[in-house]
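Engineer: this one's sequence-less:
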Ligand SMILES: [Zn+2]
């Protein structure tokens, strides 16, 4: 088989890999599948490179396998369909539900960006509709045959319904010069997608594979070690207590997917264990509210939620609901948060304060010394969130100069990605059968550092592929 790295190498966005089979009968045409088809996002929401034609013939692609629905893994799927792809799109059921919400949400942002630049948007709501028409769902461990390939999805433990993909194929045996001889060999390759940070509060632990010939492994945090779960819950408890005691507002900029639901889950635990004082908690993000509804839809399904969450649910604890929680869907409802007396907790997007409702709350409460700004996610260089995180005393928000007098805190254990130790642990059971590890989905220095660590600890050959590179496996 032949593997080409079209995206998600040398960067953490734009995941896109093409796998081509070697049919047993050389007269047959190869089966061609894509793994993910994400948006490239370096400094912008949507890089210009996304508008380029795909570097493969869309009519020859049999299927696209989606590991999970973060936009850097699915963002170009509607363009794929718009440009002529007619095969099937395959994921777990939750991944399809999330894809619909996230692709439509991005369509607004992409539409505004296109208008500002005076060009056609990358895709429209109609293209999303068409993509959903080709979208088929399979459960974890349901074997899906796509001509020469057999596909199996395993739980990646990254976000609800996320997968890593195991692809098997049978090829004819070859002699040492590469000529086919009698007999056949089975080959197996694993695409990690994004791997979870185990243990996570909602989703199950990342599954393990014991044997594979090749693996592509993400390396987003291949250079670091995360804080543990207990530490991060203590830090959250302290931030809530301190803000409530000083009668301020606790602002938490959060990504709408998984991060917001994990926060709800943890605040719910703190409330039901009586560890924090009563205060209203607002989810001030329409997307987060819609995504939480999808979490609730699957919340009695043992296929997706871990044992602890299910036990709470079965005991009658609605894990995403607790006394004091309010959701604000409309702009009018959002503005009414201002009139609610202190103390209060506000969870809003965007996760790095680049746009979104959190900015309106920052405008109001950053100058208040009794309030707290709590960061729970990575803040990219150049973002408003990063400036506040770095301790700037004055920032510009929506054209106004704002003094930062509130407390500024951060918790770094909320990452949805495995750290170096987690990635090595996941690879370990495969090490004796692996011929090569391809290190992908990371900034170049981090991928290189992880590749060195992996070859050292596992004694397997590693490679950090280049964009556009092909390998015969
Ligand atoms: Zn992801």
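Structural biologist: Cool, the structure landed. All values reported here derive from a predicted model rather than from experimental measurement.

Engineer: list the buried ones in the helix or strand containing residue 145?
Structural biologist: Element membership for residue 145 (DSSP states H and E) is strand 144-146. Neighbour-count burial for strand 144-146 flags 144, 146 (criterion: 16 or more other C-beta atoms under 10 Å). For the C-beta atoms, the positions are set from N, CA and C on the backbone; glycine is no exception.

Engineer: Give me the residue ranges of the stretch 1-150 of the chain where confidence is low.
Structural biologist: Scanning the stretch 1-150 of the chain for pLDDT under 70 picks out the ranges 43.

Engineer: Ok, the stretch 151-300 of the chain next?
Structural biologist: Using pLDDT under 70, nothing in the stretch 151-300 of the chain is flagged.

Engineer: now the strands: where do they sit in it?
Structural biologist: 163-174, 180-191, 214-218, 249-253, 281-284 (DSSP state E, counting those that start in this stretch).

Engineer: Need the winner for burial among these.
Structural biologist: Mean neighbours per residue, mean count of other C-beta atoms under 10 Å, is largest over the strands of the stretch 151-300 of the chain for strand 249-253, with a mean of 27.

Engineer: Counting by contacts, list what the strand holding residue 145 packs against.
Structural biologist: Judged by 3 or more C-beta pairs under 8 Å, 6 or more residues apart in numbering; DSSP states H and E, strand 144-146 is in contact with strand 149-155.

Engineer: host element of the nearest residue in space to residue 465 that is not next to it in sequence?
Structural biologist: Once flanking residues are discounted, residue 465 sits nearest to residue 5: 4.5 Å by C-beta to C-beta, 6 or more residues apart in numbering. Element membership for residue 5 (DSSP H and E) is strand 2-7.

Engineer: same check, this time on residue 116
Structural biologist: Here residue 116, judged by DSSP H and E, is contained in helix 93-117.

Engineer: following that helix, which helix or strand shows up next?
Structural biologist: On the C-terminal side of helix 93-117, the closest following helix or strand by DSSP H and E is helix 125-134.

Engineer: Get me the contact residues on the stretch 1-150 of the chain for the ion.
Structural biologist: residue 70 (C-beta under 5 Å from the ion).

Engineer: can you tell me the residue of the stretch 1-150 of the chain closest to the ion?
Structural biologist: Residue nearest to the ion within the stretch 1-150 of the chain: residue 70 (3.6 Å; C-beta to the ion).

Engineer: For the chain, which residue occupies the most central location?
Structural biologist: Residue closest to the average C-alpha location in the chain (C-alpha atoms, centre = their mean): residue 70, at 4.3 Å.

Engineer: Residue 462 versus the nearest residue to residue 275 once chain neighbours are set aside, what's the distance?
Structural biologist: Closest residue to residue 275 apart from its sequence neighbours, by C-beta to C-beta, 6+ apart: residue 237 at 5.5 Å. Distance of residue 237 to residue 462, computed by C-beta to C-beta, to the nearest Å: 41 Å.

Engineer: go on, residue 291?
Structural biologist: For residue 291, the distance to residue 462 - C-beta to C-beta - is 36 Å.

Engineer: who has more neighbours, the two?
Structural biologist: residue 291 (25 against 22; other C-beta atoms under 10 Å).

Engineer: so what's the more buried one up against?
Structural biologist: Applying C-beta atoms under 8 Å, 6 or more residues apart in numbering to residue 291 gives the contacts 98, 101, 256-257, 260-261.

Engineer: Of those, just say which sits nearest to residue 243.
Structural biologist: Proximity of the contacts of residue 291 to residue 243 (C-beta to C-beta) peaks at residue 260, which lies at 18.3 Å.

Engineer: Off-centre distance for stretch 131-147?
Structural biologist: Counting by C-alpha atoms, centre = their mean, to the nearest Å, stretch 131-147 is centred 20 Å from the centre of its parent chain.

Engineer: go on, stretch 115-131?
Structural biologist: 22 Å.

Engineer: Buried by neighbour count: which residues of it qualify?
Structural biologist: Using 16+ other C-beta under 10 Å as the burial criterion, the residues of stretch 115-131 that qualify are 121-124, 127-128, 130-131.

Engineer: and the residue with the largest distance to the centre of the chain, what does it touch?
Structural biologist: Each residue of the chain has a distance to the centre, and by C-alpha atoms, centre = their mean the biggest one is for residue 182: 44.0 Å. When contacts are counted by C-beta under 8 Å, 6+ apart, residue 182 is found next to residue 173.

Engineer: Just confirm residue 465 contacts residue 442, I think it does.
Structural biologist: No - checked against C-beta atoms under 8 Å, the pair residue 465 and residue 442 is beyond contact range at 11.5 Å.

Engineer: Many thanks, I have nothing further to ask.
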